[in-house]
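>>> what shape does this take:
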Amino acid sequence: MSCENYKQYDNRWASKRYAGDTMAGSGCGPTAVANIVQQMPTEVAKYIESKGGTVSGHGTIWSYIDVALDHFGYNGRQLNGTSLYGVQGSAAETTWKNAMWAGNHYGILLMGPGVFTKGGHYITITEYDGNRCYVHDPASAARDGWHPWSDFEGRVKVFYLADRADRKDSAGSGAEETSVNTYSFGLEQIDLGSVGIYVLLAQEILLPRGFYKGTLDRSFGPLMEAAVRAYQKSRGFLAVDGSLGAATWADLLALPKRNGLYVLKQVKTGDQGVEVLLLQEILKARGYYKGGLDWSFGPQTEKAARKYQADRGLKVDGVAGPETWKDLIAL
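Sure thing, here's the model as predicted:
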């Protein structure tokens, strides 16, 4: 299992309100957690705010990082209660390094002024090899990658650990919801010359977003390659190679994963989120949905879902549940 690499400035949620600010401005905490728990940053942010875990204009309260990790099933632990900025070789630092070196944990560090921030900033650590840390920085793709411990020494305010192995279902979601109300699917790399259902899904996403200018022909031709390159370039941190591999798929979908598969939950009128966005994109590309890509399951989305279900011989309830997702995604 690997960490995600979400960015708080991602235009899919950058302007969402969080901690009296926006996700782009103050969302490093929920984004760092989201990288580990493989939930959307907005879902983590919503949970933290529901628990009173923010201070307006200042971001996420220290003690709510491990609370959020716990909630999503990753056994979060905050190793120190007061800031260790300026301190080297503390007991918390030693415990954190030993646990990370053993390879059974992910880490989050609240950094003080230095390489990663001028003030305070949460970052995700995926690996520690005894001398270096591999960073997923919610605020900067340029700072992703291996950093020597000298970049951290004396600059860490708070150390956090999370188990690598997650539970079968997230806290607050029972096994029934996991098995009955979700649809899971896997994806393959596609590039110039590919044909089939994977290409169709990519076209259905890139067309409504304005990147793809062709038709839904299930063929990865020059127009598709140009669309993928344009999308990758627009993101700023993806390799611009015109190939839809794992990293580009993960960024394009921004869906949670379980056991290596993307997971779509049931959505209905009143729901919001990335699942609704994907539903709108597919239905819009197929001519059913006439509204904007607003992430919100309103009357127009329900009307489009009902029309699609009727045309496909599905139960006409206006709810995008597993059977409707299975028919839409067909993977």
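
>>> out of the helices and strands in this protein, which is least certain?
Sorting the helices and strands of the chain by mean pLDDT, DSSP states H and E puts helix 175-180 at the bottom, at a mean of 47.

>>> and Gly236, how many neighbours?
12 (other C-beta atoms under 10 Å). Using the backbone N, CA and C atoms, a C-beta is placed for each residue, glycine as well.

>>> just to check, it is in contact with Ala142?
No: Gly236 is beyond contact range of Ala142, at 9.3 Å (criterion: C-beta atoms under 8 Å).

>>> quick revisit: neighbouring strands for whichever helix or strand comes after the least confident helix or strand of the chain, and are they parallel or not?
Once helix 175-180 ends, the next helix or strand along the chain (criterion: DSSP states H and E) is strand 182-185. For strand 182-185, the paired strands and their directions (DSSP bridges) are strand 261-265 (antiparallel).

>>> buried ones in the helix or strand that Thr324 is a member of?
Taking DSSP H and E as the definition, Thr324 sits inside helix 322-329. Going by neighbour count (16 or more other C-beta atoms under 10 Å), the buried part of helix 322-329 is 322, 324-325, 328-329.

>>> all strands for the stretch 101-250 of the chain, in order.
105-111, 121-128, 132-136, 145-148, 156-163, 182-185 (DSSP state E, counting those that start in this stretch).

>>> can you redo these as JSON lines with distance to Met23 and mean pLDDT?
Output for the strands of the stretch 101-250 of the chain, formatted as JSON lines (distance: least, C-beta to C-beta, whole Å; pLDDT from 0 to 100):
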{"stretch": "strand 105-111", "distance to Met23": "17", "mean pLDDT": "96"}
{"stretch": "strand 121-128", "distance to Met23": "13", "mean pLDDT": "96"}
{"stretch": "strand 132-136", "distance to Met23": "16", "mean pLDDT": "95"}
{"stretch": "strand 145-148", "distance to Met23": "23", "mean pLDDT": "94"}
{"stretch": "strand 156-163", "distance to Met23": "20", "mean pLDDT": "94"}
{"stretch": "strand 182-185", "distance to Met23": "25", "mean pLDDT": "92"}
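
>>> could I get these as CSV with mean neighbour count and distance to Ala230?
Conversion of these to CSV gives the following (neighbours: other C-beta atoms under 10 Å; distance: least, C-beta to C-beta, whole Å):
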stretch, mean neighbour count, distance to Ala230
strand 105-111, 25, 33
strand 121-128, 24, 28
strand 132-136, 20, 25
strand 145-148, 13, 25
strand 156-163, 24, 36
strand 182-185, 19, 25
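
>>> make CSV out of the ones you listed and add distance to Gly214.
Below are these laid out as CSV (distance: least, C-beta to C-beta, whole Å):
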stretch, distance to Gly214
strand 105-111, 40
strand 121-128, 37
strand 132-136, 34
strand 145-148, 35
strand 156-163, 43
strand 182-185, 24
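
>>> who wins for proximity to Tyr18 among those strands?
Between Tyr18 and the strands of the stretch 101-250 of the chain, the shortest separation by C-beta to C-beta is 12.7 Å, and it involves strand 121-128.

>>> so for the chain, the centremost residue is which one?
The structure's the chain has its C-alpha centroid closest to Met40; by C-alpha atoms, centre = their mean the separation is 4.1 Å.

>>> would you mind confirming that it makes contact with Ala254?
Yes: using C-beta under 8 Å, Met40 makes contact with Ala254 at a distance of 6.5 Å.

>>> give me the common contacts of the two.
Shared contacts of Met40 and Ala254, defined by C-beta atoms under 8 Å, 6 or more residues apart in numbering, are found at 6, 274.

>>> show me where the stretch 51-200 of the chain has helices.
For the stretch 51-200 of the chain, helices defined by DSSP state H, counting those that start in this stretch occupy the ranges 64-71, 91-102, 175-180, 197-206.

>>> out of those, nearest to Val156?
helix 91-102 (7.0 Å).

>>> list the buried residues for that closest one?
92-93, 96-97, 99-100.

>>> and that helix with strand 156-163, angle?
40 degrees (axes from the mean of the first three to the mean of the last three C-alpha atoms, to 10 degrees).
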